[in-house]
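Q: Generate a structure from the sequence data that follows.
(chains A, B, C and D)
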There are 2 protein chains.
Amino acid sequence: MSISPELDAFDRAILAILQKDNATPQRAIGEAVNLSAPAVQRRIKRMEETGIIRANVALVDPAKVGHPITIFVEVEVESERAELIDAAKRGFAAVPEVQQCYYVTGEADFILVVTVATMADYEALTRRLFFENNNVKRFRTFVAMDRVKVGLEVPVG
Amino acid sequence: MSISPELDAFDRAILAILQKDNATPQRAIGEAVNLSAPAVQRRIKRMEETGIIRANVALVDPAKVGHPITIFVEVEVESERAELIDAAKRGFAAVPEVQQCYYVTGEADFILVVTVATMADYEALTRRLFFENNNVKRFRTFVAMDRVKVGLEVPVG
DNA sequence: GCTTCAAATGCAAGTTTGTTTCGTTTGGAA
DNA sequence: TTCCAAACGAAACAAACTTGCATTTGAAGC
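A: Next up, the predicted model:
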């Protein structure tokens, strides 16, 4: 499929702006990178089509919508049989409170980022996701006291 | 400061849409939630002003811009003196490759999410951030083999 | 029960932004 | 040098956002 569409300096400059604020008018982007608005528009469209831009989204402050608690969970599984791992991936990904889920090497198998309203909710979630799951050997919990830096920005410079 | 401006069902429905795609026309949002476009626009504006919506951004596929490797790092510090912790927070947050940084309870003090082009880059980063930092006692690395679910979406239902 | 007032709404006009068209330029390859 | 494909900018066009205004709604006070 994708013929790795080789980004030039214009594309990178545009991405840097859009990763900070994708509501920036194309005219303004154009002025910033020395390109006309249509040129900017065509490049953005192409990057969306090729999947370089995965999505355009609003970032919501979790605390202000009733989810003040962010938690990291390291999960260790019993068996790494492909079939069971896939099931675990699907299971974790399907839970809205699980914001992020990574399958990792090292002393754990999965790392989850979870957002909840109360510790009671987290406790209920652990029961559902871990205690009632035969393939989960053990898990470790890290509660965030400070979300020092939160984002999904990728350096493009 | 903010007198938590109490979200109603309309606001939540709008947020749910914007967290998936903030390029959705306000008219379309209006149809989905049974409100006129101006009403939608005013609610969005208010949520942006009150900080419920933190930002509007494009999500970029790291692999397609030359950062195919995502790594989690658990960092343990020597001293938890407020001054040193603050310095660590500032130091981590200032690094572009550090996409996320949380100060946590538990067996570690910080958890970082790092995005790099090569393991050599990561190795160089560890030298800079950890080995050359007297307050870092130890760190553990987890390399992501699969980014099962990646986002910052917060449940609002 | 009636009045009042603040907040939110919808419609319609006005403005900004996004998109398409089209002719031109640019950089390579034949 | 010629040719061709890709990308560009200016301008016309379409769509979306924004504002003003009159109306509705709901709760508090009389």
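Q: Do you have the strands of chain A handy? List them.
A: Using DSSP state E, the strands of chain A run over residues A:53-60, A:69-77, A:98-104, A:110-116, A:136-149.
Q: Direction included, what does the third one pair against?
A: The sheet places strand A:98-104 alongside strand A:110-116 (antiparallel), strand B:136-149 (antiparallel), with pairing taken from DSSP bridges.
Q: a markdown table please, covering those and showing mean pLDDT and mean neighbour count.
A: Quick note: C-beta positions are derived from backbone N, CA and C, even for glycine. Below are the strands paired with strand A:98-104 laid out as a markdown table (pLDDT from 0 to 100; neighbours: other C-beta atoms under 10 Å in any protein chain shown):
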| stretch | mean pLDDT | mean neighbour count |
| --- | --- | --- |
| strand A:110-116 | 98 | 24 |
| strand B:136-149 | 98 | 17 |
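Q: Same list (these) but as CSV, adding distance to DNA strand C.
A: Below are the strands paired with strand A:98-104 laid out as CSV (distance: least, C-beta to the nearest atom of the strand, whole Å):
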stretch, distance to DNA strand C
strand A:110-116, 26
strand B:136-149, 28
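Q: for the residue sitting nearest the centre point of chain A, what are its contacts?
A: Nearest residue to the geometric centre of chain A (C-alpha atoms, centre = their mean): residue A:100, 5.5 Å. Residues in contact with residue A:100 (C-beta atoms under 8 Å, 6 or more residues apart in numbering or on different chains) are A:112-113, B:149-151.
Q: Report the separation between it and residue B:153.
A: Residue A:100 sits 10 Å away from residue B:153 when distances are taken as C-beta to C-beta, to the nearest Å.
Q: beta partners for the closest residue to residue A:130 other than its chain neighbours?
A: Nearest residue to residue A:130 in three dimensions, chain neighbours excluded: residue A:136, at 4.6 Å (C-beta to C-beta, 6 or more residues apart in numbering or on different chains). Assessed by DSSP bridges, residue A:136 has beta-bridge partners residue A:77.
Q: how deep is the closest residue to residue A:111 other than its chain neighbours tucked in, by neighbour count?
A: Excluding its sequence neighbours, the residue lying closest to residue A:111 (C-beta to C-beta, 6+ apart) is residue A:102, at 5.0 Å. Using other C-beta atoms under 10 Å in any protein chain shown, residue A:102 has 25 neighbouring residues.
Q: my read: residue A:102 touches residue A:108, true?
A: No: counting by C-beta atoms under 8 Å, residue A:102 sits too far from residue A:108 to count as a contact (9.7 Å).
Q: what residues are shared contacts of those two?
A: By C-beta under 8 Å, 6+ apart, the residues touching both residue A:102 and residue A:108 are residue B:142.
Q: and the residue nearest to residue A:130, what does it touch?
A: A:75-78, A:88, A:129-130.
Q: if you set the cut-off to 10 Å instead, what comes out?
A: If you count contacts by C-beta atoms under 10 Å, 6 or more residues apart in numbering or on different chains, residue A:136 has them with A:75-78, A:88, A:91, A:109-110, A:126, A:129-130.
Q: now residue A:104
A: Applying C-beta under 10 Å, 6+ apart, the residues near residue A:104 are A:74-75, A:110-111, B:70-72, B:141-148.
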